[in-house]
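[1] coords below, sequence missing:
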């Protein structure tokens, strides 16, 4: 799988995907910079008057509900619907799943449009699995170890790739499970690192049809760039900037050398 | 008071508060990063459909009117009302007070919900005192030296802590006045440094019940982190990043050594 | 012209303009920081309830349609109308012109309020010229070399300065054409570098009545600050931060030494 990841990375550098993000205000700048540094082209557009037109011209779509409100949710639904219609891959980042009833209801609506990939932290994925099950009248219990279990159920039920990110990242598609041990703990001290992960997943999904491979490649690339950045950084401030530099300067050899993957 | 500040800082590191910010688009990323670097957990949520639910799960709330509009003002009022109902501390940052009639009217509405702490620069605090007085039919004159005077009136009238930030920061609660001489002039060349101050005030208000102490601690911590960052920085760009590093790496001894406080 | 540019730069440092930006979410923080580093004062305000009042107190206005939606477009139109009424310079940045019908329609509406300066990349300026012509029933063909030609037509038709930015920047006002060869290719890997250019154009337009000179000065200053930053940077992350430092530390002698201008 290592060599396939490296191939996917090379493809992305050669064929820069156009990635539309309907994402939260906090991280828009970060995710746009991460995409540019990686070699992709970011588009941020959310107006109901153009969101579907925009989906038509991009390679993939990322929907992140971080700072959702009623207008933005309408836009997200329009965009998700259009992406599904056109057969384009779209990534759901269910930020803060479980925190409020409104977030859960929004996620339920979005799940109806069959995301291609879902990426969240353990608590979000657990909550998501529960939301999806609850909507059919069943309850489920919590627990951080259960996140991968939840990811498997979610993957089977929605028919999508699910990524649980954390100290270790797990990527699940039905029976296939990969785990990655790259990254650095300091990355959690930068806002929107998860959102950046989802954006990069979107970029790989714009060039690679095997979405399990696309997701795994994205998480590997971000984790490794984070490691490289952390070696120089004195704290979360410098880490963020060095991360963009590292994404920009990353070469296949480093990827091959540093990747810590288990299937 | 120095030792109480150090104690408050230690408490915050031990018990990371969850801080909700309804703040302006320009600084969301900055304030989230500052909170994370400090050791607090930021939440940004503003949808009318969830804003009150979110207030229920956080330790404190910050409302910053920087890029206000009609929708956001409704959300701010809902959140402020809920915080007051639940007895949770909330901080008002009246960005641009006095610049337009709409800002002044919005501030009048927000003041009805009795903020726990108000933080602004001299001109904002002067304007705020005037808005509050004007609404009762009295006028007042301007002047930068009068800001502390205005803070005292405002504190007595609203029954809250008022912080006037600037070259020196003044923290006022009725008869109590503290002044801090930390910080560096270059900090004024980074956008949203005042907004970041308010966010950090919110974080301390989430762990410390004496809000005069909480506000003073927050302003001391930010000023000192700014000093440390400025010693390395070559301009406002690097200052901003080093500031997050400094917040992250700050230890009690540095705080004790550097703090310049007068009561 | 070199000496006039240096004079404009000195004027800006001496008389900091207040610049209102109605701009996109992705770059608000960047453009505010760039303006502060340069020595200008940024204001971001978009509420329909105050946008015209705000225009009354600023020196110039920048309208950037990057993340437009129906509410924001109404605000942009209110602001543009007020600026024109008051005879204040306003800059249009037609981000993503041509990408969707909605963007084109919005641009058509904005052009009716006669922007003082338009700044875009080659494809945006070409698209803009086409939009403007199309609305009178005429079609036009594409081509990257035609951008300057399009800028000349647009300048004549609207009666404004047009700047086509890219590897070389072209500034056009009727018969007058200047070209600048400053800058560094890595600048394109930072999100919103064009938006930052427009913001700086707005700052110069707030202090300099000759708008051809104002625009040329702004593009020269940004290009040169970018060059200085790129000499130290290891990638797009550090470049962005060093750029603010460079804007802040820039002195007239450097400007004189580095400027590559042709008339």
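    Cool, got the structure. All of these numbers come straight from a predicted model, not from anything done at the bench.
[2] Just the buried positions in stretch A:188-208, please.
    For stretch A:188-208, a neighbour-count test (16 or more other CB atoms under 10 Å in any protein chain shown) marks A:189-208 as buried. Yep, even glycine has a C-beta here, placed from its N, CA and C like the rest.
[3] Get me the contact residues on the stretch 101-250 of chain A for chain C.
    Contact residues, the stretch 101-250 of chain A versus chain C (CB under 8 Å from any CB of the partner chain): A:240-249.
[4] Show me just the buried residues among the residues you listed.
    A:240-248.
[5] Can you get me the start-to-end distance on stretch A:173-185?
    Start and end residues of stretch A:173-185 are separated by 26 Å (CA to CA, to the nearest Å).
[6] Could you see whether chain B lies near that stretch?
    No. Judged by CB under 8 Å from any CB, stretch A:173-185 and chain B are separated, with a smallest distance of 12.1 Å.
[7] Could I get the buried residue list for that stretch?
    A:173, A:177-180, A:182-184.
[8] Could you tell me which ranges of chain A sit under the pLDDT cut-off?
    Flagging of chain A using pLDDT under 70 yields the residue ranges A:131-144.
[9] Give me the nearest residue to the residue most central in space within it, chain neighbours excluded.
    Nearest residue to the geometric centre of chain A (CA atoms, centre = their mean): residue A:198, 2.0 Å. Once flanking residues are discounted, residue A:198 sits nearest to residue A:93: 3.9 Å by CB to CB, 6 or more residues apart in numbering or on different chains.
[10] give me the number of residues near that neighbour?
    For residue A:93, the count of nearby residues is 30 (other CB atoms under 10 Å in any protein chain shown).
[11] Next: the one 5 residues further on.
    Neighbours of residue A:98 under the rule other CB under 10 Å: 17.
[12] what's the answer for residue A:48, then?
    16.
[13] That one: which element?
    Assessed by DSSP states H and E, residue A:48 sits outside every helix and strand.
[14] surely it meets residue C:69?
    Yes. Using CB atoms under 8 Å, residue A:48 is in contact with residue C:69, at 7.2 Å.
[15] Could you name every residue contacting both of these two?
    Counting by CB atoms under 8 Å, 6 or more residues apart in numbering or on different chains, the contacts common to residue A:48 and residue C:69 are residue A:71.
[16] for chain A, longest helix please?
    helix A:211-232 (DSSP state H).
[17] which SS class is the residue in the stretch 51-200 of chain A that chain C sits nearest to?
    For the stretch 51-200 of chain A, the residue positioned closest to chain C under CB to the nearest CB is residue A:53, at a distance of 4.2 Å. Here residue A:53 is helix, with the state taken from DSSP: H, G, I helix; E, B strand; the rest coil.
[18] count of neighbours near the closest residue in space to it that isn't next to it in sequence?
    Excluding its sequence neighbours, the residue lying closest to residue A:53 (CB to CB, 6+ apart) is residue C:100, at 4.2 Å. Residues lying near residue C:100 (other CB under 10 Å) number 21.
[19] do the same with residue A:253
    Around residue A:253 there are 9 residues (other CB under 10 Å).
[20] So which elements touch whichever strand or helix holds it?
    Residue A:253 belongs to helix A:252-258 when assigned by DSSP H and E. Applying 3 or more CB pairs under 8 Å, 6 or more residues apart in numbering or on different chains; DSSP states H and E, we find helix A:252-258 packed against helix A:2-14, helix A:211-232.
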